[in-house]
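Asker: Have a look; sequence and predicted model below, questions after that.
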Amino acid sequence: MKIFNSSQIRKADAYTIAHEPVTELKLMERAAEACAKWLEDEIPRETVFYIFCGSGNNGGDGLALARLLCHNGLSTHVFVGESNEQASEARSVNFQRLAEHPEIAVHQLEDAVELDFEANSVLVDALFGTGLNREIDGKYAELINFLNELPFRRISIDVPSGLFADRLIKENATVFTAHDTLSFQFWKQSFLHPETGAFCGNVHILDIGLHKNFVESEPSNRFVTDDAVIFQLYKPRSPFTHKGKLGKTRIIAGSYGKMGAAVLAVKAAVHCGSGLTVIEAPECGNEILQTSCPEAMFELNGDQYATAFLINENESVGVGPGLGTNPDTAKAFLKFLQDCTQPMVIDADALNIIASNPDSLKMIPKDSILTPHPKEFERLFGSTANSYERVDLAQKMAAELGVTIVLKDHFTQICLPDGSVYYNTTGNAGMAKGGSGDVLLGIITSLLAQKYEPAQAAIFGVWLHGKAGDFAMQKSSVEAMLPTDLISELGSVFKCLSEKKGQIH
Ligand SMILES: NC(=O)C1=CN([C@@H]2O[C@H](COP(=O)(O)OP(=O)(O)OC[C@H]3O[C@@H](n4cnc5c(N)ncnc54)[C@H](O)[C@@H]3O)[C@@H](O)[C@H]2O)[C@@H](O)CC1
Ligand SMILES: Nc1ncnc2c1ncn2[C@@H]1O[C@H](COP(=O)(O)OP(=O)(O)O)[C@@H](O)[C@H]1O
Ligand SMILES: [K+]
């Protein structure tokens with residue numbers, strides 16, 4: 001799914017109105033219907049809805065929603081400002097249509113502070129959407145601060161009021177803090193970054209049928225990895241295949257005291273479908289690795305830490321977890337980097353070694369995949385003021401170096417050498433535990449061995465990793481789940497994928 005900025009979203013609305021037999025009013029009705037359906041499916045019927053409406057079309061959505069909820073027998077209050085006369089035509093019509101339902105209580109926005117809210121209230125924010133053009137202050141800020149303190153579920157329509165769709169806000173800016181955001185048609189960039197996304201709660205994208213031609217032809221180099229992307233990438237296995245066709249994965253990982261990282265990476269590679277898997281590690285890991293992952297072959301690269309790296313043609317290499325940064329390891333790794341021509345997956349200490357030897361950046365084989373967490377990214381490419389600037393820098397460096405940079409985050413950003421960025425939306429806070437990144441390296445390397453193109457391996461691998469995390473969370477909890485559980489759940493994720501692709505097992 002493409003990510004558009006607010007002016008492109010306005011263009012998408014306008015294009016749809018111009019090219020379809022649909023008016024602005026009808027489009028607003030579609031948006032309100034989609035919200036009403038979501039609320040009726042998700043929220044208990046005995047709820048009392050309090051809908052706060054601004055003077056733009058976001059407010060218009062709120063007014064239409066109030067009418068639809070009331071029409072369906074739900075208890076509804078609306079709050080409006082005094083400036084109804086400045087409203088768009090569609091918003092004004094929806095204000096007038098409230099009269100069809102005299103049972104809807106209409107209040108002034110500023111009267112909210114005096115109101116006795118019912119115990120089973122839900123607050124709906126339709127104050128500002130994509131038309132926000134400055135930070136919120138004055139009476140709107142007072143209202144939002146008041147609503148944020150009430151002990152009720154809060155739901156935003158399209159965008160939490162106070163957030164811009166496509167840029168950062170000032171620190172301490174006033175924003176409606178939503179538990180859920182019902183947003184139309186597209187993810188907005190601000191939902192995907194920690195500084196702003198934290199205000200959105202759970203994001204639900206509702207289809208309001210904006211014109212396909214516009215969506216296809218309007219350029220954007222930022223995307224969200226959606227199910228359609230994944231179904232296209234996933235290659236089901238042929239029944240006549242054999243291990244020789246499913247690639248050879250080499251994981252180079254582990255040192256004394258950090259052999260767990262190697263175990264996680266190699267097990268993830270095997271569970272992700274690698275035909276043959278080798279773990280290259282120092283002697284101190286031999287027994288540990290052979291016992292915990294008998295499916296993988298063991299090859300020696302040192303005693304307590306790696307001192308020499310083996311180069312083999314026709315293998316996909318993933319290097320870094322638990323490797324350590326001993327000077328001998330660093331020296332051997334830099335030589336390996338120089339001698340290798342095949343794309344590889346580079347993580348953790350391998351990235352730290354590169355960061356300490358900046359000249360080695362240009363030795364990274366083209367099409368390699370780097371998987372830094374924010375601190376590793378900073379060591380490699382320098383610090384940035386915020387996550388918006390960080391993704392811009394990652395996008396630039398990926399293109400300059402001809403590599404894929406997987407910038408690990410809640411919504412991990414996959415920056416491809418062609419200058420595009422894919423945001424991943426699977427995964428959860430249960431994955432914030434040492435070892436999750438090692439699993440990711442194993443998954444991506446395994447996909448690379450199975451002949452997924454590097455960019456595909458990165459996009460698909462990050463999605464699989466997050467999806468396995470979501471499955472693991474359902475069975476456990478964000479606190480208790482383990483990186484090991486991600487590996488166990490890969491089976492269920494592939495099962496779902498192959499069932500959805502219409503395979504019979
Ligand atoms: N255009 C369309 O066809 C559709 C629009 N939709 C809705 O329309 C919204 C966009 O509507 P608008 O462009 O009217 O914009 P908004 O409803 O977001 O509000 C813009 C209004 O708020 C004022 N404003 C902006 N920032 C302010 C601030 N900080 N303090 C006080 N006032 C401020 C502006 O001057 C303008 O009057 C979307 O988010 C969505 O909810 C939906 O109905 C779907 C269809
Ligand atoms: N809050 C979160 N939401 C979603 N994914 C997360 C979250 N925290 C961590 N992750 C994922 O878990 C992995 C952690 O990687 P990393 O920091 O390298 O861990 P480690 O090196 O300890 O294995 C990344 O893929 C990251 O995207
Ligand atoms: K809103």
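Answerer: Sure thing, it's come through. Numbering: from 1, shown residues only. Ligands and ions are numbered 1, 2, ... in the order given.
Asker: Can you tell me the element the closest residue to Gly461 other than its chain neighbours falls in?
Answerer: Nearest residue to Gly461, sequence neighbours excluded (Cβ to Cβ, 6 or more residues apart in numbering): Ile444, at 3.7 Å. The C-beta positions use only the backbone N, C-alpha and C, and glycine is treated the same way. Using DSSP states H and E, Ile444 maps to helix 436-449.
Asker: So which bits of the stretch 251-400 of the chain are right by ligand 2?
Answerer: Ala348, His373 (Cβ under 6 Å from any ligand atom).
Asker: Point me to the residue of the stretch 251-400 of the chain nearest ligand 1.
Answerer: Tyr388 (19.9 Å; Cβ to the nearest ligand atom).
Asker: returning to that earlier point: assess the claim that the residue nearest to Gly461 and Ile459 are in contact.
Answerer: No: using Cβ atoms under 8 Å, Ile444 is not in contact with Ile459; the gap is 9.7 Å.
Asker: Neighbour count: these two, which is higher?
Answerer: Between Ile444 and Ile459, counting by other Cβ atoms under 10 Å, Ile444 is the more crowded of the two (31 against 26).
Asker: what sits against that one?
Answerer: Shown in contact with Ile444 (Cβ atoms under 8 Å, 6 or more residues apart in numbering): Gly318, Val345, Ile369, Thr371, Val406, Ala457, Ala458, Gly461, Val462.
Asker: Dump those residues into JSON lines; add pLDDT, distance to Pro236 and secondary structure as well.
Answerer: As requested, the contacts of Ile444 are arranged in JSON lines below (pLDDT from 0 to 100; distance: Cβ to Cβ, whole Å; DSSP: H, G, I helix; E, B strand; the rest coil):
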{"residue": "Gly318", "pLDDT": "98", "distance to Pro236": "23", "secondary structure": "strand"}
{"residue": "Val345", "pLDDT": "98", "distance to Pro236": "23", "secondary structure": "strand"}
{"residue": "Ile369", "pLDDT": "98", "distance to Pro236": "23", "secondary structure": "strand"}
{"residue": "Thr371", "pLDDT": "98", "distance to Pro236": "26", "secondary structure": "coil"}
{"residue": "Val406", "pLDDT": "98", "distance to Pro236": "24", "secondary structure": "strand"}
{"residue": "Ala457", "pLDDT": "98", "distance to Pro236": "16", "secondary structure": "helix"}
{"residue": "Ala458", "pLDDT": "98", "distance to Pro236": "20", "secondary structure": "helix"}
{"residue": "Gly461", "pLDDT": "98", "distance to Pro236": "17", "secondary structure": "helix"}
{"residue": "Val462", "pLDDT": "98", "distance to Pro236": "20", "secondary structure": "helix"}
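Asker: want to throw those into TSV with distance to Thr307 and neighbour count?
Answerer: Output for these, formatted as TSV (distance: Cβ to Cβ, whole Å; neighbours: other Cβ atoms under 10 Å):
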residue	distance to Thr307	neighbour count
Gly318	19	31
Val345	21	32
Ile369	25	29
Thr371	24	29
Val406	28	30
Ala457	29	25
Ala458	30	29
Gly461	29	29
Val462	32	26
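Asker: What residues does Gly56 make contact with?
Answerer: Ala87, Ser88, Arg91, Phe128, Gly129, Gly131.
Asker: out of those residues, who has the most neighbours?
Answerer: In these, the most neighbours by other Cβ under 10 Å go to Gly129, 29 neighbours.
Asker: Check it and give its pLDDT.
Answerer: You'll see Gly129 listed with a pLDDT of 96.
Asker: Pass me the low-pLDDT residue ranges in the chain, would you?
Answerer: 83-86, 502-505 (pLDDT under 70).
Asker: Tell me the residue in it that is farthest from the middle.
Answerer: What lies farthest from the middle of the chain is Pro102; by Cα atoms, centre = their mean that is 42.9 Å.
Asker: list the contacts for the closest residue to ligand 2 within the chain?
Answerer: The chain approaches ligand 2 most closely through Gly437 (2.2 Å), counting by Cβ to the nearest ligand atom. When contacts are counted by Cβ under 8 Å, 6+ apart, Gly437 touches Pro321, Asp347, Ala348, Thr371, His373, Lys408.
Asker: Okay, and which of those map to helices?
Answerer: Ala348 (DSSP state H).
Asker: returning to what we had before: let me have the contacts of Ile444 in JSON lines, extended by distance to ligand 1.
Answerer: Shown next, in JSON lines, are these (distance: Cβ to the nearest ligand atom, whole Å):
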{"residue": "Gly318", "distance to ligand 1": "43"}
{"residue": "Val345", "distance to ligand 1": "40"}
{"residue": "Ile369", "distance to ligand 1": "36"}
{"residue": "Thr371", "distance to ligand 1": "35"}
{"residue": "Val406", "distance to ligand 1": "31"}
{"residue": "Ala457", "distance to ligand 1": "36"}
{"residue": "Ala458", "distance to ligand 1": "32"}
{"residue": "Gly461", "distance to ligand 1": "34"}
{"residue": "Val462", "distance to ligand 1": "29"}
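Asker: What residues of the helix or strand where Glu389 lies count as buried?
Answerer: Secondary structure from DSSP H and E places Glu389 in helix 387-401. Residues Ser387, Tyr388, Arg390, Val391, Leu393, Ala394, Gln395, Met397, Ala398, Ala399, Leu401 are the ones in helix 387-401 that count as buried (16 or more other Cβ atoms under 10 Å).
Asker: and ligand 3, which of the residues you listed reach it?
Answerer: Among the buried residues of helix 387-401, not one lies near ligand 3 by Cβ under 5 Å from the ion.
Asker: Can I get the contacts of Gly56 in JSON lines including distance to ligand 3 and secondary structure?
Answerer: Shown next, in JSON lines, are the contacts of Gly56 (distance: Cβ to the ion, whole Å; DSSP: H, G, I helix; E, B strand; the rest coil):
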{"residue": "Ala87", "distance to ligand 3": "15", "secondary structure": "coil"}
{"residue": "Ser88", "distance to ligand 3": "15", "secondary structure": "coil"}
{"residue": "Arg91", "distance to ligand 3": "13", "secondary structure": "helix"}
{"residue": "Phe128", "distance to ligand 3": "6", "secondary structure": "coil"}
{"residue": "Gly129", "distance to ligand 3": "5", "secondary structure": "coil"}
{"residue": "Gly131", "distance to ligand 3": "10", "secondary structure": "coil"}
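Asker: could those be laid out in JSON lines, adding distance to Ile155?
Answerer: JSON lines is the format used below for the contacts of Gly56 (distance: Cβ to Cβ, whole Å):
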{"residue": "Ala87", "distance to Ile155": "22"}
{"residue": "Ser88", "distance to Ile155": "22"}
{"residue": "Arg91", "distance to Ile155": "19"}
{"residue": "Phe128", "distance to Ile155": "15"}
{"residue": "Gly129", "distance to Ile155": "13"}
{"residue": "Gly131", "distance to Ile155": "19"}
